[in-house]
Each structure stands twice: as structure tokens, then as C-alpha cells.
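1. Have a look; sequence and predicted model below, questions after that.
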Amino acid sequence: MTNYVKIFDTTLRDGEQSPGATMTSAEKLEVARSLARMGVDIIEAGFPAASPDDLEAVRRIAVEVGNQPKGQTDAKVPVIAGLARANKSDIDKAWEAVKGAQNPRIHTFLATSPIHMKHKLKMDPEEVVQRVSEMVAYARSLCADVEFSPEDAGRSDPQFLYVVLGEAIKAGATTLNIPDTVGYTTPDEYFNLIDGIIKNTPGMHDGITVSVHCHDDLGMATANALAGIQAGARQAEVTINGIGERAGNTSLEEVVMTLKTRHPVFNLETGIETQQLSRVSKLVSNYTGIVVQPNKAIVGANAFAHEAGIHQDGMLKHQTTYEIMRPEDVGVNQTMLVMGKHSGRAALRARLAVMGHSLDEAELDKAFARFKELADRKKVITDADLEAVIADEFYRPRDVYYLEGLQVSCGTLGMPTATVRLRGPDREIYNFASMGTGPVDATYKAIDAIVKMPCKLLEFNIHAITEGIDALGEVTVRIQSDNNNDTKMDAQSELEYARVYGGHGADMDIIVASAKAYINALNKLIIAKTEGTQPLQNNFGVMLG
Ligand code: KIV
Ligand code: ZN
């Protein structure tokens, strides 16, 4: 058995199913690029049957990330997978979406637990076996690489799973993914499940990859995934920061760093460049608006912080006293790029290239202008600062409203007041002044008065990207449309209203960063509501779709 574990990232599919993780097409593309650069083997780019927008987003990723970059012939190219229920229409859409990739994969699934078969599918076990066999064969008639998942395998009868999976192999599936859909199993149980499948499934052979897919409802997603790997699974389905349905999925960084840090225990390899973990975690958090808890393993802000005196003393004597991994192994120690007023475009271009951003001349002009503005106010600019600028400048949705100016007065004497100037969709300039309970509240009230898009602010988070008084402040918000008229909505509109939109803004002035984050989220909401689509345009006015 190989000692290589394939990393299958489903941040853009299962991860995007977490409330509020909605990303724009441009953001999804950038996440996919970052995953590919980091060495992910398979990117599940989405669920194409969910909507024409989802199909289009997967198609773009398949074409742009799933092929050799121009001028290169030996770069590692990830497999691009699209999810499909076990029916022809979904499978056709998944194929339509992924077929432009060099290595496309159709991932189809059907539930196998008694609860799901009876209450959700209303199918008896024989019908399930028959459907799996037909639909895997159909997917295989379109695509050479087919993955099958028996949904809710964690609560399925193992004997029945052997039969279903045997039929999937017979019909042409080459990857069998075993989802603990509701995060129910314990590590021992999941180990036995994978072990039993490998030993008892008819037709199992070396060309079949068994895969783990665990959810974190009881906090055991990573432990379960690793137990499955110890039982012989050689693909791990994971998400960045562990985002996903309900309590989330197994986190990519935890599995990868466990295999690396405890190499003598597992004796297994992955193809992940772990120094990129911190950067990609940040990117996903910014785009989804889902903040990483400070004590999150590997990528949390405190993962490498040593507060207690005893720990600090030990660390000073020797790093290994309290550290099992080096922060630089996951990219935490940011390279300092000391650039000032006189630093040039070439240096910036070179640094961005190392970070994986290849900008054209127009893009570099924009990035350089933002960089100079920052260099005027901040002495040392780190990769994290640059990353925030790039995210803020290039991967926010198309600007419906754009912040032209902001003036705030606050403190202990008098009511906090904000005057906001926005450029609107018609390129008109709008000014509005409001008072509020604090400077952010006043700013948001003024923005609301101009934009007139009723919404609820669900979450507001602020933090400093780097240390020091001149740190760049970063704000993430999550908003939801507020249906305050009484008209009864159809199901589609209700879905739209229930959707949560994340926004991100970075600036040295935290009130400006707050305004940018709010406008960023509002722009996503406005585009979704007025055009009924995901924003497909980047900030250079170039249609991505
Ligand atoms: O958790 C699950 O069952 C899934 C499948 C669709 C693979 O995400
Ligand atoms: Zn899942």
C-alpha cells in the first residue's frame, strides 16, 4: 500500500455549505489557485447542479486552475471534482462543469443509512444498490475518474456498505469515500468501518482509493479521519480551517500537520507545502467572513503564543520544550519586507510572485499605489500586510458602492458622528452624516442611509494583522438581508433572504476598515438580490464569466 495520502480539499463545496461562507466567483477562483499552489491533490470546486452560478464557478476553476499554467509543462495540476447527486441531470451538470480540466472527476453520492433511505430517499436498499450501480456507470461513461460516497456511511450497516461499494467498484468507481455525514462515530468505530470496507468489499484492489470524510459534530473529525487513515484510507477529504456544514469538516491543516509532526507514528506523506497553511487559512477566513477561533490548532492566533511564565522560560532555554512544530513550518513567521517610499515596483512584483500572485501591468500599478500609500504610513510591511491589500484591492466583489471618503468625530464629549461619501452604481457621489452609539455604528448608519438595503449585522470582528501601533487593522463582518416588508415570499426568495454574506476590509484606520468590510458585504448582497447571480466581475471591470 502506498504511503502517500491524497489531500482532497472541499472548502469550496462542503466548506461553502457552512452558514455565511458564500464566496464570489472571483474569491472562489483565488482560493482554488491558492490550494493548487499549496499542493492539494484534488479540489472539489463545488456542486454544479445547485445553480447556474455554481456550475459556472466550477467551470472556471476547472479551466483556469485545472490545467498547466501557460508556458509550463511540469507543474503539478490538481484534479478538479464536481459533486453530483446520483441522478443523470446532476451528473451531466457536474461533467459539464469539470470537463475543461486536465484531470476531471465526477463525485456522486447516495445515502445508505436506514434513516436516510427510509425518510429522505424513500427507497428500499435494493433500489439504492441498483441506483448506485446505474449512476456510477453513467458517470463513468462520461469521465474516467469517478468517486462514489455512500452518504451517512457512519450510521450505515457495514454489511450493506460492502454490497453497495462492491457495486460501485463494478460500475467503475475508482475512489470510495466514506462520509461520517453527521459526525457520529468515534475513532475506534471509524477505524473499524474503514478496515472492514478494505477487507470485505468485493472487488477491492490496489487501484481503488478509500477516502475519509468526517464531520465535527462531536469534535472528533480530525481524530476520526486519522483513525481511518491508519486503517488504510489514502485520501482525506478536508477543508481549510475546518469550515463546513454545522460544526464543520476535518480541517486540512490538522491532518497534514499531524502526519508531518508525528511522522514516526504514521509513516505517511502528503504533497502539501505546509509553509503556505497560514496564508491560505487567512485567505479563506477573509473571503468567508468566518473568523478562526484564536485557540484553533495550527492556524489560530494563539497556536504559537506562549503566555505563562514557565512556558516562556522553557521556550527561551530551548524552543522544543513547549513547541512540537515550528511556527515557520506553517508560515506563521512572516517574512519582513522592509520597503519605504523609495522602494520600487520590481521589488514588489518579486515579493508578490514569491507569494504566488502574478499580476499584469495594470494590476501591478494598482497594487503599487496601495503599497506606496501604506509605506507612507507604516515602516515595515509584511507578507500579511500585502496579502490584506491584495485581497482588499483585487478579490472583493465588483464595486456597486465604493467608499470615497469618511470623516468621523468621536470621544467622550458629544455624540459620535460620521460623514460618509460613497460612489454609487450610477457613478453619482452620495454624502450622508449620521450619529450613532459609537464611530462604527454612526458610519454604518450613514452607509445604510445611502445604500438603502435593509440588512442585519450578524457579526463584526476586528483585529490587527501585525504587531505594533502602526498595524494594519482588519475587519470581517457577516450580514443578512432583512425582510421587513410583510409580503409572503416564495421559497427561492426565502433562501436568498436567509443567505449570509461576509465582508472584509483592511486599513490602518480601523473605522475605514470597518466601513470597507460593511460595503464589501453589502455589495455582495446587492448583486445577489438585483442580478440574482454571484458577482462575476473583478475590480478591473473585466468580466470573468
Ligand atoms: O458529509 C457528506 O456526506 C458529504 C457527501 C456529499 C460526500 O459531504
Ligand atoms: Zn460532508
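-> Right, received. Where do you want to start? Residues are numbered from 1 along each chain as shown. Ligands and ions are numbered 1, 2, ... in the order given.
2. Which helix or which strand is home to Glu167?
-> helix 158-171 (DSSP states H and E).
3. And the next helix or strand past that helix?
-> strand 175-180.
4. quick one: the next helix or strand after that following strand to helix 158-171, angle?
-> For strand 175-180, the following helix or strand on the C-terminal side (DSSP H and E) is helix 187-200. Angle, helix 187-200 to helix 158-171, by axes from the mean of the first three to the mean of the last three Cα atoms, to 10 degrees: 50 degrees.
5. Now do the helix or strand where Thr258 lies: which elements does it pack against?
-> Per DSSP H and E: Thr258 is located in helix 252-261. For helix 252-261, the packing partners by 3 or more Cβ pairs under 8 Å, 6 or more residues apart in numbering; DSSP states H and E come out as strand 6-9, helix 221-230, strand 235-238, helix 277-288. For glycine as for every other residue, the C-beta is placed from the backbone atoms N, C-alpha and C.
6. now the ones you listed in a markdown table, with distance to ligand 1, mean neighbour count and mean pLDDT?
-> Below are these laid out as a markdown table (distance: least, Cβ to the nearest ligand atom, whole Å; neighbours: other Cβ atoms under 10 Å; pLDDT from 0 to 100):
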| stretch | distance to ligand 1 | mean neighbour count | mean pLDDT |
| --- | --- | --- | --- |
| strand 6-9 | 10 | 25 | 98 |
| helix 221-230 | 11 | 25 | 98 |
| strand 235-238 | 7 | 28 | 98 |
| helix 277-288 | 17 | 24 | 90 |
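7. The ones you listed into CSV, with extra columns for distance to Asp507?
-> Output for the helices and strands packed on helix 252-261, formatted as CSV (distance: least, Cβ to Cβ, whole Å):
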stretch, distance to Asp507
strand 6-9, 31
helix 221-230, 35
strand 235-238, 33
helix 277-288, 14
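8. For Pro327, which of the ones you listed is the nearest?
-> helix 277-288 (8.4 Å; Cβ to Cβ).
9. in the stretch 251-400 of the chain, which spans are helices?
-> Taking DSSP state H, counting those that start in this stretch, the helices of the stretch 251-400 of the chain run over residues 252-261, 263-266, 277-288, 309-317, 345-354, 361-377, 383-394.
10. Name the helix or strand for Ser133, please.
-> Here Ser133 is assigned to helix 125-142, by DSSP H and E.
11. Return the alpha-carbon coordinates of that helix using PDB.
-> What follows is helix 125-142, C-alpha atoms only, in PDB (Å, rounded to 0.1, in the frame of the first residue of the first chain):
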ATOM      1  CA  PRO A 125     -32.000  -1.000   0.000                       C
ATOM      2  CA  GLU A 126     -32.300  -2.900  -3.300                       C
ATOM      3  CA  GLU A 127     -33.300   0.300  -5.200                       C
ATOM      4  CA  VAL A 128     -30.300   2.100  -3.600                       C
ATOM      5  CA  VAL A 129     -27.900  -0.600  -4.800                       C
ATOM      6  CA  GLN A 130     -29.500  -0.500  -8.300                       C
ATOM      7  CA  ARG A 131     -29.300   3.300  -8.500                       C
ATOM      8  CA  VAL A 132     -25.600   3.400  -7.400                       C
ATOM      9  CA  SER A 133     -24.700   0.800 -10.000                       C
ATOM     10  CA  GLU A 134     -26.500   2.700 -12.800                       C
ATOM     11  CA  MET A 135     -25.400   6.200 -11.900                       C
ATOM     12  CA  VAL A 136     -21.700   5.300 -11.200                       C
ATOM     13  CA  ALA A 137     -21.700   3.600 -14.600                       C
ATOM     14  CA  TYR A 138     -23.300   6.600 -16.200                       C
ATOM     15  CA  ALA A 139     -20.800   9.000 -14.600                       C
ATOM     16  CA  ARG A 140     -18.000   6.600 -15.800                       C
ATOM     17  CA  SER A 141     -19.400   6.700 -19.400                       C
ATOM     18  CA  LEU A 142     -18.500  10.500 -19.200                       C
END
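12. Next secondary structure element downstream of it?
-> strand 146-151.
13. So for that following strand, mean pLDDT?
-> What strand 146-151 shows for mean pLDDT is 98.
14. What pairs with it, parallel or antiparallel?
-> strand 104-111 (parallel), strand 175-180 (parallel) (DSSP bridges).
15. List the buried residues of the host helix or strand of Leu457.
-> Under the criterion of DSSP H and E, Leu457 resides in strand 455-464. Residues of strand 455-464 classed as buried by neighbour count (16 or more other Cβ atoms under 10 Å): Cys455, Leu457, Leu458, Phe460, Ile462.
16. Columns pLDDT and distance to Gln102 on top of those, output as CSV?
-> As requested, the buried residues of strand 455-464 are exported to CSV (pLDDT from 0 to 100; distance: Cβ to Cβ, whole Å):
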residue, pLDDT, distance to Gln102
Cys455, 92, 41
Leu457, 94, 43
Leu458, 90, 40
Phe460, 93, 42
Ile462, 89, 42
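17. Just name the closest of the residues you listed to ligand 1, please.
-> The nearest member of these to ligand 1, counting by Cβ to the nearest ligand atom, is Leu458 at 24.6 Å.
18. Surely the closest one is in contact with Thr476?
-> No: the pair Leu458 / Thr476 is not scored as a contact, 11.2 Å apart, by Cβ atoms under 8 Å.
19. Tell me which residue lies farthest from the centre of this structure.
-> Leu413 (43.4 Å; Cα atoms, centre = their mean).
20. now that residue: how far from Met435?
-> Counting by Cβ to Cβ, to the nearest Å, the separation of Leu413 from Met435 is 14 Å.
21. do the same with Thr10
-> 46 Å.
22. Which of the two has more residues huddled nearby?
-> Taking neighbours as other Cβ atoms under 10 Å, Thr10 and Met435 compare with Thr10 leading, 28 against 14.
23. Any figure for the gap between that one and ligand 1?
-> Look at Thr10 and ligand 1: by Cβ to the nearest ligand atom, to the nearest Å, they are 7 Å apart.
24. Name the helix or strand of this structure that has the lowest mean pLDDT.
-> When the helices and strands of the chain are scored by mean pLDDT, DSSP states H and E, helix 491-498 comes last with a mean of 58.
25. Show the backbone phi and psi for the residue of the stretch 201-350 of the chain at minimum distance from ligand 1.
-> At 5.4 Å from ligand 1, His213 is the closest residue in the stretch 201-350 of the chain, using Cβ to the nearest ligand atom. Note on His213: backbone dihedrals following degrees, to the nearest 10 are phi -150, psi 100.
26. One more: Ser481?
-> Dihedral angles for Ser481 - degrees, to the nearest 10 - are phi -60, psi 140.
27. For this structure, what lies in contact range of ligand 1?
-> For the chain, the residues in contact with ligand 1 (Cβ under 6 Å from any ligand atom) are Asp14, Phe109, Ser149, Glu151, Asn177, Pro179, Thr181, His213, His215.
28. Count residues in the vicinity of the nearest residue to the second one once chain neighbours are set aside, would you?
-> By the measure of Cβ to Cβ, 6 or more residues apart in numbering, the closest residue to Phe109 outside its immediate chain neighbours is Ser149, 3.9 Å from it. A count of nearby residues for Ser149, using other Cβ under 10 Å, gives 25.
29. ok, Ser149 - contacts?
-> By Cβ atoms under 8 Å, 6 or more residues apart in numbering, the contact set of Ser149 is His107, Thr108, Phe109, Leu176, Asn177, Ile178, Pro179, His213.
30. May I see the ChimeraX selection of the buried members of these?
-> Entered in ChimeraX, the line below selects the buried ones among the contacts of Ser149, by 16+ other Cβ under 10 Å:
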select :107,108,109,176,177,178,179,213
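31. Closest one to ligand 1 out of the contacts of Ser149, please.
-> Nearest to ligand 1 among the contacts of Ser149 is Pro179, at 3.3 Å by Cβ to the nearest ligand atom.
32. That closest one touches Glu147, doesn't it?
-> No: counting by Cβ under 8 Å, Pro179 sits too far from Glu147 to count as a contact (11.3 Å).
33. Count the neighbours of Ile115 for me.
-> 12.
34. The one 5 residues further on too?
-> Lys120 is surrounded by 12 other residues when neighbours are defined as other Cβ under 10 Å.
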